[in-house]
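# Generate coordinates for the sequence data below:
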Amino acid sequence: MVKKSKLEEKAEAAEKRKNMTRRKVFSMIRVFIYLIILFIYWIMPVDLIPDALPFVGILDDASVTAFVLWLFKQEFSIITGKELPEDTETPEKQ
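Predicted coordinates for the structure are as follows:
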């Protein structure tokens, strides 16, 4: 295996930071879009299950909210850098 020069290593590190920053920005945009969609769903007069039905009517609102919260969790893990799926590759043996 050929060793990389320090300049090449720095260039790769800069590219990696650039890609991570881009992912974080797109994640923040997706979170904002999820909030808008959730708000529109909450105020929309038409539901999958009418809210007039006791207990069951709120079930669709709760399930959509739970799904959006799960999406938030996924996006915030990217934004905070705690979980980046592409960075989980095993390093090459030297």
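# Tell me how many other residues crowd residue 69.
Applying other CB atoms under 10 Å, we find 11 residues neighbouring residue 69. Placement of C-beta: from N, CA and C, glycine included.
# Going along the chain, name the helices of this structure.
6-43, 56-80 (DSSP state H).
# Let's have those helices in a markdown table, adding mean pLDDT and distance to residue 49.
Converted to a markdown table, those look like this (pLDDT from 0 to 100; distance: least, CB to CB, whole Å):
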| stretch | mean pLDDT | distance to residue 49 |
| --- | --- | --- |
| helix 6-43 | 85 | 13 |
| helix 56-80 | 86 | 5 |
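# distance between stretch 13-26 and the chain's centre?
Chain-centre distance of stretch 13-26: 14 Å, with CA atoms, centre = their mean, to the nearest Å.
# same question, stretch 31-45
For stretch 31-45, the separation from the chain centroid amounts to 16 Å (computed by CA atoms, centre = their mean).
# Let's test this: what are the backbone torsions at residue 54?
When read as degrees, to the nearest 10, the backbone of residue 54 gives phi -60, psi 140.
# What is the neighbour count of it?
Neighbours of residue 54 under the rule other CB under 10 Å: 7.
# mind checking how far the residue nearest to residue 49 when sequence neighbours are not counted is from residue 28?
Nearest residue to residue 49, sequence neighbours excluded (CB to CB, 6 or more residues apart in numbering): residue 60, at 4.6 Å. To residue 28, residue 60 is 28 Å away according to CB to CB, to the nearest Å.
# before we move on, back to that, the residue nearest to residue 49 contacts residue 50, doesn't it?
No: using CB atoms under 8 Å, residue 60 is not in contact with residue 50; the gap is 9.2 Å.
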